[in-house]
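Asker: I need the structure of the sequence given here:
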Amino acid sequence: MFTQQDIDQIKARGLSVEMVEKQIENFRNGFPALAVVRAASGGDGVRQLNDKEQERAIELYKESMASLRTIKFVPASGAATRMFKELFEYVNDDKRTPGIDKLIVNLEKFAFFAELAKYLKPQIDDKEVVRNIIVTGLEYGNKPKGVVTFHSYKEGARKPVEEHLVEAALYASNGKTANIHFTVSPEHKPLFEALLAERQHHYEERFNVKYNVSFSEQSPATDTIAVNPDNTPFRTDDGKLLFRPAGHGALITNLDKLDADILFVKNIDNVTTDERKADTVTFKMVLAGELLRLQQRTFELLRAMERGEDVDKEAIGFLRDELCCLMPDDASHDLIRQTLDRPIRVCGMVKNEGEPGGGPFWVRDDHGREQLQIAESSQIAKEDMHLMKEATHFNPVDLVCGVMRYDGTKYDLTRYTDPKTGFISSKSAGGRELRAQELPGLWNGAMANWNTLFVEVPITTFSPVKVVQDLLRPEHQ
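Answerer: All right, here's what the predicted structure looks like:
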């Protein structure tokens, strides 16, 4: 199937022929659907903490903050193409939609208007205005979301990177240092660095904290081969194999390289203004406190097992009542210990108000365990799709992760993925149809074998910007 030139190309990416052949096998056979049992809901997989429980969690986190190594992990790769898709269709195809009308009528309400105004000449037509947003002028169509101006303040406008610096100081700092890690595309890294060089010191002075900002890129070794509709390798016009980034699930290797007691995970576009940040800060601390509480008990049980004590029944009860993992009746000691000895994540869940995306479900795994997973519709069989409609909560990508073991070593996060939960989509390149394969999503299959707790958080903590008109919502004004 592969020539020597192909093999050299595969190896140059850090892949092996066997890995690529496995990817092609996935195209041929597809991925199995998740064994979904039911949607998780309030009191059945989604914990709804009362005021006292929230206060206790915050207190536990605050007591521990000074001694914890925390990192705020922000996936920020890729250009903001989808955010401006409607604008490109207007400029390139003359397709004017109500969304374009809304943009033009409210132009001065966008935080980026002051920057845009410098490029607008008198008597300019609407299409030229839009062109100056995405192609010329601001050139937002070729930039990542992290450097698009989102919010206006009296002291000046802010971009998402800056809002994440503010958040890091407010809940992911030990009082002296705030660590924040962005995953970026190599071509965009200079934009992030330039913005930080200009603005980082301002926030360090404001919050009396030093920022330790780091970057990583998605490794080409996580890319997947593209195939033709007949599942043969897709080749470019010069005869080379085509490889494509395998989605955000590939970022588990980036996450794995970070050494911290607690990792806060949140998307680059999910930020709001200072006026509305209080709930975000409060509930990030709640999630972190819950994580620490669960870790403490997990570590106690694992140390007791290491001493040879018989705590299997206690462990099964803890897994059931606190970690929402139902063990099979015939679970062996080894399976109980193995289930306890896994990374832990506490995930915020908001009530479903119609936003697209995944949600919380109970899923049965190959060991007979029923445990919590974040599932996308593409992972669920047709006969189980009614369960999606029964979902009461939605995944806003609001995670707090514990990746250290009870003995002080760090988990190898790449060992806790479920490679069977990838998915296949139809794409094109050079005007030709192809099939693409994505790895299990970062908070889906890439964390499928973590211990998981879902906690209800208020909708005010979820302020994504998927399209540019979202910046007109109250949470961004």
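Asker: Where does Asn26 fall, secondary structure wise?
Answerer: Using DSSP states H and E, Asn26 sits in helix 17-29.
Asker: Mind listing what's buried along the lengthiest helix in the chain?
Answerer: Across the chain, the longest stretch assigned as helix under DSSP state H is helix 278-306. Residues 280-295, 298-299, 301-302, 305 are the ones in helix 278-306 that count as buried (16 or more other C-beta atoms under 10 Å). C-betas here are computed from N, CA, C, even on glycine.
Asker: try stretch 222-233
Answerer: Neighbour-count burial for stretch 222-233 flags 222-227, 233 (criterion: 16+ other C-beta under 10 Å).
Asker: Dump those residues to JSON lines, plus secondary structure and distance to Val400.
Answerer: Converted to JSON lines, those look like this (DSSP: H, G, I helix; E, B strand; the rest coil; distance: C-beta to C-beta, whole Å):
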{"residue": "Thr222", "secondary structure": "helix", "distance to Val400": "24"}
{"residue": "Asp223", "secondary structure": "coil", "distance to Val400": "29"}
{"residue": "Thr224", "secondary structure": "strand", "distance to Val400": "29"}
{"residue": "Ile225", "secondary structure": "strand", "distance to Val400": "35"}
{"residue": "Ala226", "secondary structure": "coil", "distance to Val400": "35"}
{"residue": "Val227", "secondary structure": "strand", "distance to Val400": "38"}
{"residue": "Pro233", "secondary structure": "strand", "distance to Val400": "41"}
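Asker: which stretches of this protein form helices?
Answerer: Here the chain has its helices, by DSSP H, at 4-12, 17-29, 51-64, 85-93, 98-105, 113-117, 126-134, 160-171, 189-207, 252-256, 278-306, 312-321, 333-340, 386-390.
Asker: which one of the ones you listed has the most crowded surroundings?
Answerer: Burial of the helices of the chain is given as mean neighbour count (mean count of other C-beta atoms under 10 Å); helix 160-171 ranks first at a mean of 24.
Asker: quick check: angle from it to helix 51-64?
Answerer: 90 degrees (axes from the mean of the first three to the mean of the last three C-alpha atoms, to 10 degrees).
Asker: returning to that earlier point: angle of the longest helix of the chain against helix 312-321?
Answerer: Angle of helix 278-306 versus helix 312-321, following the same axes, to 10 degrees, is 160 degrees.
Asker: before we move on, back to that, make CSV from the helices of the chain and add distance to Asp269 to it.
Answerer: Output for these, formatted as CSV (distance: least, C-beta to C-beta, whole Å):
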stretch, distance to Asp269
helix 4-12, 33
helix 17-29, 30
helix 51-64, 25
helix 85-93, 14
helix 98-105, 17
helix 113-117, 19
helix 126-134, 17
helix 160-171, 6
helix 189-207, 15
helix 252-256, 18
helix 278-306, 14
helix 312-321, 35
helix 333-340, 35
helix 386-390, 24
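Asker: and Gly43, which of those helices is closest to it?
Answerer: Smallest distance to Gly43 across these (C-beta to C-beta): 12.5 Å, for helix 312-321.
Asker: Who are the packing partners of the closest one?
Answerer: helix 278-306, helix 333-340 (3 or more C-beta pairs under 8 Å, 6 or more residues apart in numbering; DSSP states H and E).
Asker: Export those to TSV and append columns for mean pLDDT and distance to Lys109.
Answerer: As requested, those are arranged in TSV below (pLDDT from 0 to 100; distance: least, C-beta to C-beta, whole Å):
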stretch	mean pLDDT	distance to Lys109
helix 278-306	98	23
helix 333-340	98	51
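Asker: Turn those into a markdown table, columns for distance to Val350.
Answerer: As requested, the helices and strands packed on helix 312-321 are arranged in a markdown table below (distance: least, C-beta to C-beta, whole Å):
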| stretch | distance to Val350 |
| --- | --- |
| helix 278-306 | 10 |
| helix 333-340 | 28 |
